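1. predicted coordinates and the sequence they were generated for:
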Amino acid sequence: MATLQAIKYSPGQLLVLDQLRLPHEHHYDPVSTAEEAFDSIRTMRVRGAPAIAIVAALGLAVELSNGACTASTADDAVAYIESRLDYLKESRPTAVDLSNAVAKLKQAVRDAKVDGLAPAEAKQAVLDAYLAAAEQLLAKDLDNNTAIGTHGAAWLQQQYGATPDRPLSILTHCNTGSLATSGHGTALGIVRSLHAQGLLRHAYCTETRPYNQGSRLTAFELVFEGIPSTLITDSMAAALMRLRRGDMALGAVIVGADRVVRNGDTANKIGTYALAVLARHHGVKFVVAAPTTSIDLETETGDGIVIEERKREELTQISGAVVNPDGSVDPSRTARVATADQRINVWNPGFDVTPHDLIDAIVTERGTVVKGADGRFDFSKVLPERW
Ligand code: MRU
């Protein structure tokens, strides 16, 4: 079956699917410099915590493959790469995958084996070390997501005794699928895995205002894969959770993460916290799917997370393809329309923090972490103290 790919990479070439044009148009932008990668991320043509990190890493990889680094020694090449990574790290602040990737890539170039090499060879060894580490991020992310899908589906199956005769319905928020990662997805990866095992009854996805990652991207992915699914507005979640009939009897809310800190507090797309409060009230399990690249052990609690504030137009305007009088969509004609008085004050935080006490499980590629008797998450089984 065809799969959606946000990122297409081969050595020396990076193509990034422009997610602003989805679901109506599939257009890949070539990204060949750190500046182009930065711009893709900042303007959200690529988004989603893992995908952002991968595009930053590979954008610089292509720049280096094209001979942009004119350093003549290994030390200068390391300095060049580090300054480019520092620049890329500033593109979006909340998702920790990017800063974790930057730390790993810096370590990889510092660890390059250069002893006894002539300056030109030593420089090349640094560049090769960078390319290998960046390419590994891409490959590892796909493996991580498949493993998250397996662990998450197993945990939910065990919690509910789900079988193909008694499948589960779930609600998800934002987009955590192939488009937010190198493939398969995190929270949506669990949905995919449940579906593949015949354990999914129905998937609900929120619209995810104001940027509509749910209606533009997740709905598109669910339809693309033929997963039984329904779109709701964010404000319908409480009503859905209250209904306990048929497809609408929700088993779990499954969301992704942009940053999980040491105590388990989780930053994710704005609206996640509201869903967690609702889930607790209605006795629905609340599950976070997060690769270990989204875990930040340096930050103790959610209070330490920087929340990105986004531009006012995301609330006061909307764009989309034009709908013809017969109901068909014309992808070649797009329009931007005002949805509010343009003078109104706007508050537009991109993310919120869900306190750990509202989270039942955090599914990583190395297993599912639940709270201990002390009510705290302990990540030591899935993550060494320093990595
Ligand atoms: O602002 P975005 O679209 O980058 O936000 C994305 C999310 O919040 C996702 O849910 C999160 O990054 C997890 S992606 C696997």
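-> That came through fine. Numbers count the residues shown, from 1 in each chain.
2. what residues does the stretch 1-150 of the chain have near the ligand?
-> With CB under 6 Å from any ligand atom as the criterion, the stretch 1-150 of the chain meets the ligand at residues 47, 48, 49, 50, 95. Every C-beta, even on glycine, is put in place using the N, C-alpha and C of the backbone.
3. now with 5 Å?
-> 47, 48, 49 (CB under 5 Å from any ligand atom).
4. which pLDDT value belongs to the first one?
-> At residue 47, the model reports a pLDDT of 97.
5. since we're on residue 61, how many residues are nearby?
-> Look at residue 61: counted by other CB atoms under 10 Å, it has 27 neighbours.
6. doesn't residue 135 make contact with it?
-> Yes. The pair residue 61 / residue 135 is scored as a contact, 7.0 Å apart, by CB atoms under 8 Å.
7. which one of the residues of the stretch 1-150 of the chain next to the ligand is nearest to residue 177?
-> residue 48 (8.3 Å; CB to CB).
8. next, count neighbours for that closest one.
-> There are 29 residues near residue 48, going by other CB under 10 Å.
9. the one 5 residues further on now?
-> Here the neighbour count serves as a burial measure; for residue 53 (other CB under 10 Å) it reads 32.
10. tell me which element it is part of?
-> Per DSSP states H and E, residue 53 falls inside helix 49-65.
11. helices and strands around that helix, which ones?
-> If you count contacts as 3 or more CB pairs under 8 Å, 6 or more residues apart in numbering; DSSP states H and E, helix 49-65 packs onto strand 7-10, strand 13-17, helix 34-42, helix 74-89, helix 96-110, helix 119-160.
12. how about those in CSV, adding distance to residue 239?
-> Formatted as CSV, these follow (distance: least, CB to CB, whole Å):
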stretch, distance to residue 239
strand 7-10, 37
strand 13-17, 34
helix 34-42, 35
helix 74-89, 41
helix 96-110, 33
helix 119-160, 22
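13. would you turn these into TSV with mean pLDDT and mean neighbour count?
-> Converted to TSV, these look like this (pLDDT from 0 to 100; neighbours: other CB atoms under 10 Å):
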stretch	mean pLDDT	mean neighbour count
strand 7-10	97	17
strand 13-17	98	21
helix 34-42	98	20
helix 74-89	98	19
helix 96-110	97	20
helix 119-160	97	20
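14. so for residue 170, which of these sits nearest?
-> Proximity to residue 170 (CB to CB) singles out helix 119-160 among the helices and strands packed on helix 49-65, at 8.0 Å.
15. partner strands of the next helix or strand after the closest one and their direction?
-> With elements assigned by DSSP H and E, the helix or strand that comes after helix 119-160 is strand 168-172. With DSSP bridges as the test, strand 168-172 is paired with strand 200-206 (parallel), strand 250-255 (parallel).
16. what's the longest one in contact with?
-> Residues from elsewhere that reach strand 200-206 (CB atoms under 8 Å, 6 or more residues apart in numbering): 167-174, 191, 194-195, 214-215, 218-219, 222, 227-234, 237, 240, 247-248, 250, 271, 275.
17. what residues does the stretch 201-350 of the chain put near the ligand?
-> Going by CB under 5 Å from any ligand atom, the residues of the stretch 201-350 of the chain near the ligand are 213, 256, 258, 268, 269.
18. which residues touch the residue in the chain positioned nearest to the ligand?
-> Closest to the ligand within the chain is residue 256: 2.8 Å, counting by CB to the nearest ligand atom. Contact analysis of residue 256 by CB under 8 Å, 6+ apart lists 48-49, 174, 176, 180, 185-188, 268-269, 288-290, 294.
19. list only buried entries from those residues.
-> Buried residues within the contacts of residue 256, counting neighbours by 16 or more other CB atoms under 10 Å: 48-49, 174, 176, 180, 185-188, 268-269, 288-290, 294.
20. in the sheet, who's paired with residue 377?
-> Counting by DSSP bridges, the residues bridging with residue 377 are residue 371.
21. quick check: it touching residue 266?
-> No. Using CB under 8 Å, residue 377 is not in contact with residue 266, being 9.7 Å away.
22. of those two, who's got more company?
-> Remark: of residue 377 and residue 266, residue 266 carries more neighbours, 32 against 23, as counted by other CB under 10 Å.
23. what's near enough to touch the more buried one?
-> 257, 259, 260, 272, 288, 290, 302, 353, 354, 356, 359, 362.
24. before we move on, back to that, so which of the buried ones among the contacts of residue 256 belong to helices?
-> 49, 187, 188 (DSSP state H).
25. who are the packing partners of the helix or strand that contains residue 322?
-> Using DSSP H and E, the element containing residue 322 is strand 317-323. Here strand 317-323 touches strand 329-338, going by 3+ CB pairs under 8 Å, 6+ apart.
26. report the angle between the strand it packs on and strand 317-323.
-> Here strand 329-338 runs at an angle of 150 degrees relative to strand 317-323 (axes from the mean of the first three to the mean of the last three CA atoms, to 10 degrees).
27. I'd like the next helix or strand past strand 329-338.
-> Strand 329-338 is succeeded, C-terminally, by strand 351-354 (DSSP H and E).
28. test my guess that residue 354 contacts residue 276.
-> Yes. Using CB under 8 Å, residue 354 makes contact with residue 276 at a distance of 4.5 Å.
29. lovely, talk soon.
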